[in-house]
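Whatever this is, show me its structure:
(one chain, ligands or ions: 1)
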Amino acid sequence: MSLSRRAFIENSAVLIAAIGVSDAAWPASAPMLSESDPTAMALGYKADASTVDKSKFAQYAPGQSCSSCALYQGAAGSSSGPCGVFVGKAVSAKGWCASYAKKG
Ligand code: SF4
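Numbering: from 1, shown residues only. Modelled structure (predicted):
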């Protein structure tokens, strides 16, 4: 194997590894959404859906949670993940907010 071919293969392996790491690392490194975030408060976000204020958010139904929401982008079985509403933050898979839309 020529030196340039070897260097190409080694560099490609490093690049593939770096892409894999950055892809997997983003959701894990995103800060968790705080319930006291102004948008979270406006939408009644709770990290534990069972604590949703049902007097203010009557549309909440037991069993609804981020993990079954169409806007949840976390991997299946993950404890948290990105959400289309709260860009740059991670939400709890067991959470809920008023933008909940059941996965189709
Ligand atoms: Fe959870 Fe869906 Fe609300 Fe995002 S939009 S916080 S995934 S219920």
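
In contact with the nearest residue to Lys103 once chain neighbours are set aside: list those residues for me.
Ranked by C-beta to C-beta, 6 or more residues apart in numbering and with sequence neighbours excluded, the top spatial neighbour of Lys103 is Ala70, at 4.8 Å. Every C-beta, even on glycine, is put in place using the N, C-alpha and C of the backbone. By C-beta atoms under 8 Å, 6 or more residues apart in numbering, Ala70 lies in contact with 101-104.

Of those - the most surrounded one?
Counting neighbours by other C-beta atoms under 10 Å, Ala101 comes out on top of those with 13 neighbours.

mind listing what that one touches?
69-71.

and the ligand, which of the residues you listed reach it?
69, 71 (C-beta under 6 Å from any ligand atom).

can you redo the contacts of Ala101 as a markdown table with pLDDT?
Formatted as a markdown table, those follow (pLDDT from 0 to 100):
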| residue | pLDDT |
| --- | --- |
| Cys69 | 98 |
| Ala70 | 98 |
| Leu71 | 98 |
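
want to throw the contacts of Ala101 into CSV with secondary structure?
Shown next, in CSV, are the contacts of Ala101 (DSSP: H, G, I helix; E, B strand; the rest coil):
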residue, secondary structure
Cys69, strand
Ala70, coil
Leu71, coil
